[in-house]
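Asker: need the 3D shape of this:
(chains A, B, C, D and E)
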Amino acid sequence: MELPPAMTSRWDVERFGIGPMATPRQADVLLVTGYVSLKTLKRIIRTYEQMPEPKWVLAFGSCTVNGGIYWDSYNTITNLAEYIPVDITVSGCMPRPEAVMDALQTLMKMIQSGEAGAYKKYKENYEYYKANQDRVLKKTVPILGQTPEMDLEGKNEDAKE
Amino acid sequence: MKMQKSDVIKQLVDRGNKVYDLYENQIALEVKKDNLLNDLVFLRSIGFEHLSFITAVDFIDEGEFEVVYHVWSYTHKIHILVKVRIDRKEPILPTVNNLWEQAQFYEQEVHEFFGIKFEGNNDLSPLFLENWVDIPPLRKDFDTREFSIRLYDAEVDGGDI
Amino acid sequence: MDAPSYMLSKIAEKDNLSVYELFFGPNHPGMHGNFGYVLEMIGTEIVKVRPNAGHLHRGFEKLMEQKLWVQNLALVPRICVVDPDPNEVAYCTAIEKIMGVEIPDRAKFIRTITLEMSRLTSFLMGMGALVAALGLYTPMYIMMADRDLLLDLFEWLTGARIYHIFNIPGGVRNDLPDGWVERLNEVLDILEKRLLEYDKLVFENPIIHKRLKGMGYVSKEDAMKDGITGPNLRASGGAFDVRVDDPYAAYPYLDVKVITQDGGDALTRAVQVRLEFEETIKLIRQALKEMPEGDVRLNLGNLSMLKVPKGEAYAKVESSKGEFGYYVVSDGGLKPYRVGVRGPSLPAGLLYAQKHLPKMKIDDVAAWMASLAICPPDIDK
Amino acid sequence: MITVLRVFLFGLFAIFIGLLFMGIGRKVIARIQLRYGPPFYQAFIDVGKLFSRKSITHNFVMDLGMVMSLGGLLATMLFVPIAGHVAIKTSTNLIVIMYLMAIGYLGMAMAVAASGNPNATIGVSRALTMMLGYEVPFFTVMLGLIIFNGTSSLELISNAQAGSILNWNMIKFPLAFIAAEIALQAMMGEKPFDAMIAPAEIASGPMVELSGKYLGLAFLTHAVAIFVETAIIVNLFMGGASNVFTFVLKQFEIYLITVFIEAVFPRFKIEQAVKFLWTVPMGIAVIQLILILV
Amino acid sequence: MIELLFIPLIATLFLAIFIKNKKVTWPLFLAVNGYVLYKLYSIYGMWSLSNKFDIGYEILGAKLTLGVSNNPIGWYFAFFSALITFIISIFSLGFNQKSKENVSVIWMLIIFSNLGIFFAQDWVIFFMMWEVMGWTSFFAITNARDKALDGAKYYLALSLIGASLMLIAISLLGAYTGTFAITPSIFGLIQVINSSNKIGIVILLLFLTTFLIKSAAFPFYMWPQKVYAEGPEDYITFMSSVMIKYGIYPMAIFIVPVVGSIDLPKILNTGNILQYVIGYIGAISAVLGTLLAIFQTDMKKLFAYSSVSNMGYILLGFASMTIVGFEGSLFHVVNHMILKAAIFLTLAAVVFRTGESEMHKLGGLVYRMPLTFMTFLLGIIAAAGIPPLNGFGSKWMIIQALMSRKMVVFAIAMIFASTGAFMYLFRALASIFLGQLPDRYKDVKEVPLTMALPMLIMMVLMLLVGVVPGVVMKPLTSALKAVGYNVEVASLTVLEGSLKNATIDLKIVFYMFVAGVIISAIMYLFGNKSETVPQNDNYTGGEYPEEWGVDADRFNYSYAFYQPFKEMFDPLLEAISIDDFFASVGRNFEYMSNEVQALFKRGEGAVLLFSIGVLLLILGGLII
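Answerer: Numbers count the residues shown, from 1 in each chain, chains lettered A, B, ... in the order given. So this is what the prediction gives:
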């Protein structure tokens, strides 16, 4: 939510040559802004995999580091770095536009110095990331060990359709 | 034609319902499951045409769900909480989506989060969650902390404590 | 317009190959927030829409059951980020209703001022989103910058730009700082002047008129029946405003003018927002003038150990998008037993998507969303 | 050998000027929007970055199409006289220029349609519709000038305006100039005629699947297109120029007008755009044409 | 001279006899075709060749002389049409490899009547050959596909109207000018018209109508799409590239000289009414054909309308009544032959492999049929009139001519049509070859060699004529010179326009294009390497299409491609639809055509042999 101000007249990240792109194909940096619900995670992974290399991930807000205020929510993951490699994180909930700009500039410096190369990790440890992703996205048994007491048929109609 | 709150209460009491006068402009009405549709139709006919939303409360100690229909009258300027209690083991209610079209989505939501079924509603597919295999999350016996810790390796309070 | 669509859907029935699907969101430049519509299309015309909500579902209602009454104050503004203060006020009002306490008058006025400022920020964002959806970026950028003027004031007042957590059960956290009121007046002057520029750029622009006229028509009867509230309802002619009809905070003391129009289409809704923007500025001015001196909060003891008596209450407020309601059930403990949240966007975002989008062109989806001020987080919760 | 070198230099010059214009244009827009804006050389950085990235293609048509697209526009560029200079001595025929330009667009359209993304195809379908929209008024304007000058050679039309500023077609045929300006706005795909790339509607349309060097080539194509289109207008209406510097300056003036319009207009829907183009600029152009004929 | 016609006819007879044995017919067919082409090539320049047969009989006071002669414009048409027909027929042999029908007989007959039309010296032979061609077409269309009957009936109805009108016109011409020979009749008709005899105009209009019907110009633009929709693809390739020009040839040799020379009341100081009539018919055909092509969903229909539009260009060139426009039109005839043949061959290849001609059911075929794709690509670039391929030169000349005559309405119509052409051409490209490949076409293969070879030849021809237009323009200009027009023989690569300083060297255009592509290719190679991803890996807003039940078919935008644009034109198109009128005419002819069809069905071979025999007798008489 602080992203629009960061892009617009007051802070204007475009003066550093940073601009939003419409599709993952054109993007260098994936900004994960805030909490990531399971449904979103699934889309983030697809989006991330569609980006051409080299690519970087900027995790935005505390929620992507340890769950933040939503750490105990049943639908948000706690640590984004378990699922996709994160280059740089910005703490705060939500971080101020200055923090976003700072992070982007730090990322640019890191790219120049060659520090930021998390996308290589994704290739190398693909199994690890995939296992983590599948664990949360493709679960088939209840996590809390109880069987649902009522039939929940038709629950995933949309997904199967 | 604006009715006073007392008139409304009187009318409702005359129909044999329990009415609680909560606050200025707000009353609660307890109805029987079998009477639910009749009463809602009656309320609509006397001007309570705005359905704010439908929600449910899980009274686990009493073994009951309470489904609350929030209706508001533009003319009388009174908000009524229409409450209906149902057995937790057999949570079935008639659908009201032919009274209010948007009830479709509220019913889907309540079904998704509480497992309450609405008879006559053909589409109770999940609206928000994907691939959900545990018990409906808003029930009191679902422990979201435990769930989050087990599935997402969440640390208590984000590991701060 | 009806005949070709009808023919197209006939063809579609006969031959399903000619239908294709477009994924409008969740990751789409025209989508504000994380929301999706799966559009079945023929040509550039939509024939069927499948809403795809839930990307922002964080389980607020469950989380609130886990946390103390006052801890939840940190959660509630996050339900609708664009317009956070109504959440806080609604939640606090519900608690106050159950506790049966009346907050000091000055607190009411300060609440009102924050609410109306929040409304301004939300309107700016909403107008910005609408014009950006139509490709008009210049006013959008300027609106966002103007929004920052208000956010700075919020920061001064509360310490945070977005999540203020300023309204607490029993009043507000602190009194207005010195010089704040003067600055607010200056900002309001700036905004009023800017409004004339927006008029030139946006509301008098013939292309905007061409694009929005007749799009997404909602009749008064439908809006009332289907739970459309706020400016959208008033743009269709429904004279319903929670501030007047079920007043809270300091609204009983102020002259809230309910503006209604009877166009019911996207253009009317855009103009409605602009008119209410002006009205809101007037309202803040009036509140500033009539604000009494006095305490700004009740002493409710140690707030973190706040116990709310057994009971239930539904508190609704008029947010910038419509009726925002909190249904709070307390069992007398340290934590809420149940909190139900009524977001204003659900009827528009889900129901009216299915009513309006078919027969519409792909060109209009983003503008339609923005014109109905659909805010996905409060649908998903 | 010298010819080959000349051709390359002309091509690179067009790319350079086009990218420079794009960069300055972004800066100007930023200033209109009360922003600081990117540095004027940002477009060069962007293109450099895009070319250094890995890119994603769907099949060979994407490669073929993008190369064809830039190639077509560069070829067009070689026909446009720049301050009286042309890469190879040839007739600078307006019709040839208009047709050659089309191959660039066709290449681009082909490349993006090959990705198989409906968004891209919608964008292309809009772009082609728009093309029909602006070509007709623009050609009508050209027709007037061609009939007036009795030649379809851009160079001769440009030379005929030499001398004082009063000889400029811009002054002699103001209506034609206005019509051409509006058509140019559409030709450049700037607002209010940018329905083909509308990000909020079809996720930037044709660009949706372009990545890395493909996007870079698209950028360069756009840069050359800016150069060619402004150069045509300068030759048609502002009498060319005696030296390259003045010429580029005039081109920049034309580009600036489009940037100003771009900044304060929302976009038309495609059918509204075509209707507009076929009524307002077409009407103006026809009036001008009748005035010339009578 | 006469043997040029005689040999194909005899060959037809032999082919008909050995119809069951492809091992005999194919070599024979190829050999005779080779002979015809060689013979045509060798008689170039020998304009005095002719065979005349005076039967000493007078009809309506005019002496009936039958004869064939090597007239220059006829040669130009004959040579290129024979060449293209030959290439198409090779393709057709491959196309029909599996079917039992032996198409070589029909192709031979077509080649024969083709030559007959273009070398006819008088209207009687011309009419006979015209009719042979018409009936052969009907036979060829219905022979392969029963479904094609409706379209064929419609076509037959129109043909019969045309033929009757032409018969009347010929009779009147004979009666008023005293001759049936084509060239003398031109002067005769001019005299008749200039002597303020209304009948002269009537004759002219009757002829014009007949020719317009054949060339599918407005208002007779409906028949191609009806015929092409169901007709056999190989044969409609011939129809749309060669046969549609049969109306153009007599216009070029008869109507244009007459209209150009008569002295009618002038309008706008520049031309006469008839010139503008032809012009408006051309302009309307061009614009309407384009619009209708844009809105088609069937690829064959789309290109049928494209042909209508191209006929419009040719008429516009005639209407300009300048030598550049005339040259341009005749040049466009050959260009259109080549490019339309190329395009239709690829369409036939697509239908051959997929059995589908609705564009929205196709898609992504570039993955499976790259050669076909390349041919099609070059074809549409040529059809769009983009240099350096062949469609450009002729269009450019026509526009030049229109501009030099200040025919602004026609020029704008022409630009509208040729810009609109990008729309439908690209739409076909995108829908058939680009986009997502549906699962059911996963196993489609490239076409076999017999079909690939003609496509390759077509590609070469398009590029050759595009870069070196002289290969067509030289014979054309010398033919025109031989006929008596005041032209200079064109050089190999340079085209002359009619405006000041309007000379264009297509060689240089080609070099520049190559230069542009080289620079751009250097840029491309300069970039980092790319990675090929599967076709379904697309931007979908992050969604997984397969989870929403979206397969390749449901992720392809190709139906209702220009919907917003179409909605603008819907009221207009409804208003001008004259389809209904001709449909009712067609119904009236239905009974008759049923009879005719029954005739064919009962004894196809017998009728064929009978007609060949009659023709043999006539031609034999000519030789003796």
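Asker: okay, helices next: where are they in the stretch 151-294 of chain D?
Answerer: In chain order, the stretch 151-294 of chain D shows helices spanning D:154-160, D:169-172, D:174-187, D:199-202, D:212-237, D:244-264, D:270-293, with DSSP state H, counting those that start in this stretch as the criterion.
Asker: lowest-pLDDT helix or strand in chain B?
Answerer: None of the helices or strands of chain B scores lower by mean pLDDT, DSSP states H and E than helix B:144-152, at a mean of 78.
Asker: pull out the buried residues from that helix.
Answerer: Buried residues in helix B:144-152, counting neighbours by 16 or more other Cβ atoms under 10 Å in any protein chain shown, are found at B:144-145, B:147-149, B:151-152. C-betas here are computed from N, CA, C, even on glycine.
Asker: need the helices of the stretch 151-294 of chain D in TSV with distance to residue E:416 and mean pLDDT, can you?
Answerer: Below are those laid out as TSV (distance: least, Cβ to Cβ, whole Å; pLDDT from 0 to 100):
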stretch	distance to residue E:416	mean pLDDT
helix D:154-160	22	81
helix D:169-172	24	80
helix D:174-187	14	88
helix D:199-202	26	74
helix D:212-237	20	86
helix D:244-264	24	87
helix D:270-293	10	87
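Asker: let me have those in TSV, extended by distance to chain E and mean neighbour count.
Answerer: TSV is the format used below for these (distance: least, Cβ to the nearest Cβ, whole Å; neighbours: other Cβ atoms under 10 Å in any protein chain shown):
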stretch	distance to chain E	mean neighbour count
helix D:154-160	6	22
helix D:169-172	17	19
helix D:174-187	12	23
helix D:199-202	10	28
helix D:212-237	3	26
helix D:244-264	19	19
helix D:270-293	4	20
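Asker: out of those, nearest to chain C?
Answerer: If you check each of the helices of the stretch 151-294 of chain D against chain C by Cβ to the nearest Cβ, helix D:199-202 wins as the nearest, at 3.5 Å.
Asker: okay, the helices of the stretch 151-294 of chain D in JSON lines with distance to chain C next?
Answerer: As requested, those are arranged in JSON lines below (distance: least, Cβ to the nearest Cβ, whole Å):
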{"stretch": "helix D:154-160", "distance to chain C": "33"}
{"stretch": "helix D:169-172", "distance to chain C": "26"}
{"stretch": "helix D:174-187", "distance to chain C": "13"}
{"stretch": "helix D:199-202", "distance to chain C": "4"}
{"stretch": "helix D:212-237", "distance to chain C": "15"}
{"stretch": "helix D:244-264", "distance to chain C": "5"}
{"stretch": "helix D:270-293", "distance to chain C": "6"}
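Asker: nearest to chain B, of these?
Answerer: Taking Cβ to the nearest Cβ as the criterion, helix D:199-202 is the member of the helices of the stretch 151-294 of chain D that comes nearest to chain B, at 25.2 Å.
Asker: so what secondary structure elements neighbour the closest one?
Answerer: Here helix D:199-202 is seen to pack against helix C:365-371, helix D:118-149 when contacts are counted using 3 or more Cβ pairs under 8 Å, 6 or more residues apart in numbering or on different chains; DSSP states H and E.
Asker: ok, and what's touching stretch E:513-530?
Answerer: Among residues not part of stretch E:513-530, those counted as contacts by Cβ atoms under 8 Å, 6 or more residues apart in numbering or on different chains are D:4, D:7-8, D:11-12, D:50-57, D:63, D:66-78, D:100, D:103, D:212-214, D:216-217, D:220, E:387-388.
Asker: only whichever of those are buried, select them in PyMOL.
Answerer: To isolate in PyMOL the members of these that are buried, counting by 16+ other Cβ under 10 Å, one can use:
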select buried, (chain D and resi 7+8+11+50+51+53+54+55+56+57+63+66+67+68+69+70+71+72+73+74+75+76+77+78+100+103+212+213+214+216+217+220) or (chain E and resi 387+388)
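Asker: out of the contacts of stretch E:513-530, which sit inside strands?
Answerer: Among the contacts of stretch E:513-530, DSSP state E puts D:55-57 in strands.
Asker: dump these to a markdown table, plus distance to chain A.
Answerer: What follows is the ones in strands among the contacts of stretch E:513-530, written out as a markdown table (distance: Cβ to the nearest Cβ, whole Å):
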| residue | distance to chain A |
| --- | --- |
| D:55 | 6 |
| D:56 | 5 |
| D:57 | 10 |
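Asker: closest to chain C out of those?
Answerer: residue D:56 (16.4 Å).
Asker: what's the spacing between the closest one and chain E?
Answerer: Here residue D:56 is placed at a distance of 5 Å from chain E (Cβ to the nearest Cβ, to the nearest Å).
Asker: wait, that residue sits on residue E:534?
Answerer: No - taking contacts as Cβ atoms under 8 Å, residue D:56 lies outside contact range of residue E:534: 10.8 Å.
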